[in-house]
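Asks: Pasting the sequence and the predicted coordinates here, then a few questions.
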Amino acid sequence: GGSAAWSHQVSRGPGYRDASRSRSVTGPNGNSASMSAEHGCTAGVGCSRSVERTGPNGGTYSHDSATTRNPDGSISHSASTEGPRGATGSTSSSFSHTDDSASWSRSKDVTGPNGNSASLTASGNCTEGSGCSRSVERTGPEGGSWNKNSSTTAEDGTVTHQSTATGPNGGEVSRWVTVQ
């Protein structure tokens, strides 16, 4: 027969929370697999997480991530992953907004296991009486980019949405929708 073991521990205190857990399983033929994870959060600072898994053939997978609230109020997130054959991937992103929440921005960079990368940048804002606008730019692993700019306004019971998208080869598509 096989066997299994599991443990879980949580620690809490003023301004922080930590948790850890682990499991292991052994099958009837002696092959085993295991997992261990740790999570931690500190009030006003952020959270981190680390996970490692080992399969029955000994290959490991690991993932580490952290999310942080920065002194300026923005939020940053980063993560990295390593697979059983040594391939790695990583991502980092940030999000910020103004105190009145009328403007925001977001950026994200991703690197895949083959070293290619892609990115996203987006921003938007809303102004009372004028409406809202948004701008997004994505760049793919081959360097091609895609852009979309849009705006929505409401005036005298009429809502108008306008957008223009440009693809990596320069092709452009525009939409204009009015609802009364």
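Replies: All right, it came through fine.
Asks: quick one: the strands in the protein?
Replies: Assigned by DSSP state E, the strands in the chain fall at 3-13, 16-26, 32-42, 46-54, 60-69, 75-82, 88-97, 103-111, 117-127, 131-139, 145-155, 158-166, 172-179.
Asks: what's the average pLDDT for the third one?
Replies: What that stands for is strand 32-42. Averaged across strand 32-42, pLDDT comes to 88.
Asks: again, but for the last one
Replies: Per-residue confidence for strand 172-179 averages out to 92 on the pLDDT scale.
Asks: Counting by contacts, list what it packs against.
Replies: strand 158-166 (3 or more C-beta pairs under 8 Å, 6 or more residues apart in numbering; DSSP states H and E). Quick note: C-beta positions are derived from backbone N, CA and C, even for glycine.
Asks: now do the third one
Replies: Contacts defined by 3+ C-beta pairs under 8 Å, 6+ apart place strand 32-42 against strand 16-26, strand 46-54.
Asks: Parallel or antiparallel, which strands does it pair with?
Replies: Here strand 32-42 has these sheet partners by DSSP bridges: strand 16-26 (antiparallel), strand 46-54 (antiparallel).
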